[in-house]
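Asks: With the input below, show me the fold.
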Amino acid sequence: MTDIPILTRRRIEAAILKHVFDVITERSGREEAEAVVGETCSRSAIAHGQEMAKAVDHPPTLSDFADILPNWTKDDALELEVLVTEPERMEFNVTRCRYAEAYKEMGVGDIGHLLSCNRDGDFCVGYNPEIELTRTQTIMKGASHCDFRYRMKGK
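Replies: All right, here's what the predicted structure looks like:
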């Protein structure tokens, strides 16, 4: 499924996970539903990171990450304001997020952070655990922009 745009992939996943979320909520409550869907998406993100890391013959760097970033922005899924691109640091703001728009449209905006945002740091765990993401706000949670700050640990 790596050849389809990630925005399309997330829409398909959200359509299924919405029903899973509803069933778990009915059976065990919202807290458990959020925990299960969150853990599911986390594991998926780590596996996706591991899969993408196989494309390079060395531990992936932030330069390698910058090269694959278009996977997430394809079809204007994200509008970025790039601030820093250095070997040890990459910083950008997302000023428009069609993932958030899609989830709101689908009626799952309240769990969009579980479906997408929380994946970002987990992807790094699978891709290269030495890449660290710091983010203090997201459009999904109502901010004007998402502030992505990646760095190599210890740098």
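
Asks: Where does pLDDT dip in the protein?
Replies: 1-2, 155 (pLDDT under 70).

Asks: try 80
Replies: 1-3, 155 (pLDDT under 80).

Asks: where along it do the helices fall?
Replies: 6-28, 30-53, 62-68, 70-73, 98-106, 112, 119-127 (DSSP state H).

Asks: Just name the most buried of these.
Replies: When the helices of the chain are scored by mean count of other CB atoms under 10 Å, the highest mean neighbour count falls to helix 112 (a mean of 24). Using the backbone N, CA and C atoms, a C-beta is placed for each residue, glycine as well.

Asks: just how off-centre is it within its chain?
Replies: The chain centroid and the centroid of helix 112 are separated by 10 Å, computed with CA atoms, centre = their mean, to the nearest Å.

Asks: before we move on, back to that, rebuild the helices of the chain as TSV, extending it with distance to Asp147.
Replies: As requested, the helices of the chain are exported to TSV (distance: least, CB to CB, whole Å):
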stretch	distance to Asp147
helix 6-28	20
helix 30-53	19
helix 62-68	16
helix 70-73	16
helix 98-106	15
helix 112	17
helix 119-127	12
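
Asks: Sounds good, over and out.
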